[in-house]
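Engineer: Pasting the sequence and the predicted coordinates here, then a few questions.
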Amino acid sequence: MNGHVVTGTSSGSTRPSRQINVVLRSQEPVVQGAAAAQAYEAEPQLAVKPLPSVDHFADIQKELEPMVGMDNVKSLVYEIYALLYVSRMRSEAGLFGGSHVYHMIFKGNPGTGKTTIARIVAKLLQKMGVLTKGHLIEVERADLVGEYIGHTAQKTRDLVRKAIGGVLFIDEAYSLARGGEKDFGKEAIDTLVKAMEDHRNQFVLILAGYPAEIENFLLTNPGLPSRFPIQIEFPDYSIDQLVQIAEIMAKDRDYVLQPQSIFKLRQHLMQEKLNAMFSFSNARYVRNTIEKAIRYQAVRLLSQYASSIPGKQELMTIRPEDLRWESKP
Ligand SMILES: Nc1ncnc2c1ncn2[C@@H]1O[C@H](COP(=O)(O)OP(=O)(O)OP(=O)(O)O)[C@@H](O)[C@H]1O
């Protein structure tokens, strides 16, 4: 096979329990047969030589673990880590370490975790030495597009400058192509493409948005797809996953949902998902619901316990009557 297959195993509890094969194309001439076997036997330690560094993935894993579902995303983040780690081992062994492009496309409906994962990826790339700072600059069309000729290029360049050393995350990136050739959005796209050349390896660009719109955007800008070799899909959460996210969000805030509250939430989410269709904002809707329930619970407790103090359990409990959706959360 014209390439190395490196197997990243999960020996520590901090890594996913699956195996991921990363295929690295060798830039060297292929050595075959007995010569290859001899060369391989002569330096068997190359494949297992440990790096003199801490396990950078442990921290990242700690942030990924509580995220419900997202198996494809978690695997991809691990693949990026494996690739970077092995590239470093290869460089240290005098082999071609590789020059990779990390610009990405995140396709998913609102509230499916795109921004959260972008932050984690930024951190990973910083820990692995690809980015110097690892911060995230989140922008949308209005931040990039100006009001007169030249203004857009200036605004876009300023934001790229701020993103140097980190990630520039453009939400609903396709809105830049909204007005066609005459729109200033086109100027923003051109400036971004130029910045990707001028500041190669200095920042990572992530374009995010609804799957269909992103697909269409890439189709109508044929020069773009090849500049974004990593594309990640963020599927909508199932009702079970949304309920699980609600329970985690409540627990993180030292609250607990009563079983009847979980039942009520489940019924509501099923209805809301149907009603809102593509505009349903997944985990964000759940977060808003929980935060609102916490406010309703506080008001209920104050009115119930006017002259006494509620016990610890009562202070933690979200009852069904605390879950209300009169207006959109
Ligand atoms: N799988 C998950 N498990 C737990 N919490 C999650 C998960 N996905 C998203 N969240 C939470 O939901 C909220 C919204 O997530 P985030 O902002 O990352 O979504 P998004 O896809 O970027 O949304 P938008 O496209 O609308 O900006 C955040 O509080 C985030 O922590």
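Structural biologist: Right, received. Where do you want to start? Note that the structure is a prediction, hence the values are computed from the model and not measured.

Engineer: Run through the residues of this protein sitting next to the ligand.
Structural biologist: Within the chain, the positions adjacent to the ligand are 67-70, 108, 110-116, 171, 245, 248, 281, 283-284, 287 by C-beta under 6 Å from any ligand atom. For every residue, glycine as well, the C-beta is placed using N, CA and C.

Engineer: Quick check: closest non-adjacent residue to residue 126.
Structural biologist: Among residues not flanking residue 126 along the chain, residue 134 sits closest, at 2.5 Å (C-beta to C-beta, 6 or more residues apart in numbering).

Engineer: Please state the backbone phi and psi of residue 148?
Structural biologist: The phi/psi pair for residue 148 (degrees, to the nearest 10) reads phi -140, psi 170.

Engineer: what does residue 280 give?
Structural biologist: phi -60, psi 130.

Engineer: Could you measure from the closest residue to it other than its chain neighbours over to residue 98?
Structural biologist: Using C-beta to C-beta, 6+ apart and skipping the chain neighbours, the partner closest in space to residue 280 is residue 273 (5.2 Å). Separation of residue 273 from residue 98 (C-beta to C-beta, to the nearest Å): 43 Å.

Engineer: Same check on residue 88?
Structural biologist: As judged by C-beta to C-beta, residue 88 and residue 98 stand 10 Å apart.

Engineer: repeat for residue 279
Structural biologist: For residue 279, the distance to residue 98 - C-beta to C-beta - is 41 Å.

Engineer: List the residues that contact the residue nearest to the spatial centre of the chain.
Structural biologist: The centroid of the chain falls nearest to residue 117 when counting by C-alpha atoms, centre = their mean (2.0 Å). Applying C-beta atoms under 8 Å, 6 or more residues apart in numbering to residue 117 gives the contacts 67, 70, 73, 77, 106, 232, 234.

Engineer: give me the number of residues near the closest residue to the first one other than its chain neighbours?
Structural biologist: The shortest distance from residue 67 to any non-neighbouring residue, by C-beta to C-beta, 6+ apart, is to residue 113 (6.4 Å). Applying other C-beta atoms under 10 Å, we find 22 other residues in the vicinity of residue 113.

Engineer: Look up how far residue 99 lies from residue 113.
Structural biologist: Distance of residue 113 to residue 99, computed by C-beta to C-beta: 29 Å.

Engineer: and what of residue 135?
Structural biologist: To residue 99, residue 135 is 23 Å away according to C-beta to C-beta.

Engineer: Residue 231 now?
Structural biologist: Residue 231 sits at a distance of 20 Å from residue 99 (criterion: C-beta to C-beta).

Engineer: Would you map the helices across the stretch 201-329 of the chain?
Structural biologist: Taking DSSP state H, counting those that start in this stretch, the helices of the stretch 201-329 of the chain run over residues 211-220, 239-252, 259-276, 282-304, 312-316.

Engineer: What angle do helix 282-304 and the second one make with each other?
Structural biologist: Between helix 239-252 and helix 282-304, the angle formed by their directions is 50 degrees, by axes from the mean of the first three to the mean of the last three C-alpha atoms, to 10 degrees.

Engineer: Mind listing what's buried along helix 239-252?
Structural biologist: The neighbour-count check on helix 239-252 (16 or more other C-beta atoms under 10 Å) flags 241, 242, 243, 244, 245, 246, 247, 248, 249, 250 as buried.

Engineer: mind giving me the domain split of the chain?
Structural biologist: Structural domains assigned to the chain are 1-62+88-99, 101-235, 239-322, following automatic domain parsing.

Engineer: Among the ones you listed, show me which one is buried the most.
Structural biologist: Neighbour counts (mean count of other C-beta atoms under 10 Å) averaged over each of these peak at domain 101-235, with a mean of 18.

Engineer: And that domain, how far out from the chain middle?
Structural biologist: Domain 101-235 has its C-alpha centroid displaced from the chain centroid by 13 Å (C-alpha atoms, centre = their mean, to the nearest Å).

Engineer: Check stretch 308-316 too.
Structural biologist: Computed by C-alpha atoms, centre = their mean, the chain-centroid distance of stretch 308-316 equals 38 Å.

Engineer: Extract the CA atoms of that stretch and return them as CSV.
Structural biologist: Output of stretch 308-316 as CSV, limited to C-alpha atoms (Å, rounded to 0.1, in the frame of the first residue of the first chain):
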residue,chain,number,x,y,z
SER,A,308,-40.0,29.7,55.7
ILE,A,309,-37.0,28.4,53.9
PRO,A,310,-37.3,25.6,51.4
GLY,A,311,-35.1,22.5,51.9
LYS,A,312,-32.2,21.6,49.7
GLN,A,313,-34.2,19.1,47.7
GLU,A,314,-36.9,21.6,47.0
LEU,A,315,-34.3,24.2,45.9
MET,A,316,-33.0,21.8,43.4
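
Engineer: Need the contact partners of it.
Structural biologist: Stretch 308-316 is touched from outside by 254, 255, 256, 301, 304, 305, with contacts defined as C-beta under 8 Å, 6+ apart.
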